[in-house]
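J.: sequence and computational prediction follow.
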Amino acid sequence: MANRAQEPADLFPRVPCLVTGRLVPDTDRERIRQALARHLVDEKGHRLDELELDRGITLEREGRRILVLVDIAVRVAGRTLMILRGNPGSVVTREAGTIAAARLLEPDYVVPWAVQANLDEAALLDVRRKKAVAYGWDAIPTRARLVEMTRQWPPPALPPERVALERQILFSYETHWRMRPPEVVDGTLVYR
């Protein structure tokens, strides 16, 4: 039997995912995602069936193809109203990358709200204005408040001249200061 390199996921115990029920590696990032999902459902009144995990944004640059995953997308009535991304470390330094992800995720419109979080803090980001409007886990909107905050639908589409710049921002944030290397899936670098 050939020796195979141990996959990073094999190094961690597994815990059940609140959203899917599947066992997932108990990593720092996954702890944050599970805490966000539980907070959304238990504290903020969001519905499990409106939370989508690992929505992808494919980027090609410098001869590399990468897939950036959004931890949680909140979809109400078929519309993505908010994305949430969690990482250990500083929330503030990851805000621009999260805003870029929200601007690129949907082809027809800019996702209006985003959250960047770690286990201790969170930033609520107004994606259209490209800035944080509140800090703290309490700032994450309830389902009712999020629907109210997005009642003027549709949000604007990303101007075509901004697409390349937002892709460059997201590429830079996802590839230049990662603590661990990406996974390679079918020749694509996957950044979780």
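T.: Structure's in. What do you need?

J.: the longest strand along the chain - contacts with which helices or strands?
T.: Counting by DSSP state E, the longest strand found in the chain is strand 64-76. Contact here means 3 or more CB pairs under 8 Å, 6 or more residues apart in numbering; DSSP states H and E; on that basis strand 64-76 packs against helix 28-38, strand 51-61, strand 79-86, helix 143-149, helix 160-175, strand 188-191. Backbone N, C-alpha and C define where each C-beta goes, glycine included.

J.: most tightly packed of the ones you listed?
T.: strand 79-86 (a mean of 23; mean count of other CB atoms under 10 Å).

J.: what residues does that one touch?
T.: 29, 32-33, 35-36, 40, 55, 70-75, 94, 97-98, 101-102, 105-106, 111-118, 140-141, 146-147, 149-150, 153 (CB atoms under 8 Å, 6 or more residues apart in numbering).

J.: let's see it at 6 Å
T.: Applying CB atoms under 6 Å, 6 or more residues apart in numbering, the external contacts of strand 79-86 come out as 32-33, 36, 70-74, 98, 102, 106, 111, 113-117, 146, 150.

J.: continuing past it, what's the next helix or strand?
T.: helix 95-104 (DSSP states H and E).

J.: which helices and strands does that following helix pack with?
T.: Here helix 95-104 touches strand 113-117, strand 122-126, helix 160-175, going by 3 or more CB pairs under 6 Å, 6 or more residues apart in numbering; DSSP states H and E.

J.: could you check the angle strand 51-61 makes with the longest one?
T.: Going back to what we said before, that points to helix 160-175. Counting by axes from the mean of the first three to the mean of the last three CA atoms, to 10 degrees, helix 160-175 lies at 100 degrees to strand 51-61.

J.: list the contacts of helix 160-175.
T.: Helix 160-175 has contacts (CB under 6 Å, 6+ apart) with Leu59, Arg61, Val68, Ala96, Gly97, Ala100, Ala101, Arg103, Leu104, Tyr191.

J.: kindly write the PyMOL command that selects the buried subset of those.
T.: Per 16 or more other CB atoms under 10 Å, the buried members of the contacts of helix 160-175 correspond to this PyMOL selection:
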select buried, resi 59+68+96+97+100+101+103+104+191
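
J.: distance between stretch 66-73 and the chain's centre?
T.: 5 Å (CA atoms, centre = their mean, to the nearest Å).

J.: ignore what I typed, I meant stretch 41-53.
T.: Using CA atoms, centre = their mean, the offset of stretch 41-53 from its chain centre is 15 Å.

J.: pretty sure Leu104 contacts Ile57?
T.: Yes - using CB atoms under 6 Å, Leu104 is in contact with Ile57, at 5.2 Å.

J.: thinking again about what came up before, can I get the helices and strands packed on helix 95-104 in a markdown table with distance to Val24?
T.: As requested, these are exported to a markdown table (distance: least, CB to CB, whole Å):
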| stretch | distance to Val24 |
| --- | --- |
| strand 113-117 | 17 |
| strand 122-126 | 21 |
| helix 160-175 | 20 |
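
J.: no more questions from me, cheers.
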